[in-house]
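Trainee: Structure for the following, please:
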Amino acid sequence: MPARVIVLAGPSGSGKSHLAERLGLPILRLDDFYRDGSDPALPRITSGANAGLVDWDDPASWLCSEAVDALTTLCRTGVVETPVYDIAHDGRNGYRKLSLDGSPLFVAEGIFAHHVVAPLREAGLLAAAYCLRQHPAVTFWRRLTRDLREHRKPPLVLLRRGLALARDQRRLVADAVSLGCLPVSADEAFRLVQALPVS
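Mentor: Predicted structure coming up:
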């Protein structure tokens with residue numbers, strides 16, 4: 001039997017990575033499927049203080065079909081090579097091998113994770129899909145402190161981006177729900193995953 005995927009979606013800073021680690025299952029990090037910074041197909045912000053910068057929060061900045069192919073391969077063969085996206089290199093910096101080692105379930109998490117739900121469900125490979133809910137102030141602070149710590153962008157850019165994402169958070173969650181995710185807290189998702197059948 002193929003393995004099945006637990007999808008963890010949610011706004012940046014909502015706790016997806018932390019929950020994925022807490023679950024103790026193999027993890028495929030969907031954010032590694034971003035386009036390289038030199039890709040001419042990258043979308044741009046068209047208005048406001050950050051106009052002209054790459055819009056990394058637009059799904060067009062991410063390679064959905066490549067991510068779905070990797071998920072499908074991992075489900076059916078138990079092993080896959082995935083890119084390693086490095087912010088410092090503004091793109092991919094090698095590949096890593098991910099093996100399920102016989103696990104019937106694994107986690108796929110990322111800010112665009114809700115876009116893989118429909119194709120996985122259609123292929124019979126979806127175990128569950130959750131969108132993590134969190135108060136916008138909490139996600140704003142988590143995201144800002146993480147991005148500042150990792151020097152992802154200049155502080156003023158990060159602050160403006162964080163405020164825009166906080167204002168847009170309700171719509172982001174609604175989009176994930178419309179694409180098949182169940183809106184839950186991290187603790188609720190943890191309990192639901194523990195109750196999933198493993199065969």
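Trainee: pretty sure R161 is in a helix, no?
Mentor: Yes. Membership of R161 in a helix is supported by DSSP: H, G, I helix; E, B strand; the rest coil.
Trainee: Which residue is the nearest non-sequential neighbour of it?
Mentor: Using Cβ to Cβ, 6 or more residues apart in numbering and skipping the chain neighbours, the partner closest in space to R161 is N50 (6.8 Å). (Each C-beta comes from the backbone N, C-alpha and C, glycine too.)
Trainee: For that neighbour, give me its contacts.
Mentor: V157, R160, R161 (Cβ atoms under 8 Å, 6 or more residues apart in numbering).
Trainee: would you turn these into CSV with pLDDT, distance to G180 and neighbour count?
Mentor: Output for those, formatted as CSV (pLDDT from 0 to 100; distance: Cβ to Cβ, whole Å; neighbours: other Cβ atoms under 10 Å):
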residue, pLDDT, distance to G180, neighbour count
V157, 71, 32, 14
R160, 73, 31, 16
R161, 74, 27, 23
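Trainee: ok, those residues vs F106, which is closest?
Mentor: R161 (30.2 Å; Cβ to Cβ).
Trainee: The closest one contacts L148, doesn't it?
Mentor: No. R161 lies out of contact with L148 (Cβ atoms under 8 Å); the separation is 11.7 Å.
Trainee: mind checking the SS state of the residue nearest to R161?
Mentor: N50 ends up coil, using three-state DSSP.
Trainee: okay, it: pLDDT?
Mentor: Here the pLDDT value assigned to N50 is 74.
Trainee: Okay, now the unreliable bits of this protein?
Mentor: 135, 137, 140-141, 144, 147, 152, 158, 162-163, 165-166, 199 (pLDDT under 70).
Trainee: Not counting its neighbours along the chain, what's nearest G13?
Mentor: Spatial nearest neighbour of G13, chain neighbours left out: R143 (3.3 Å); criterion: Cβ to Cβ, 6+ apart.
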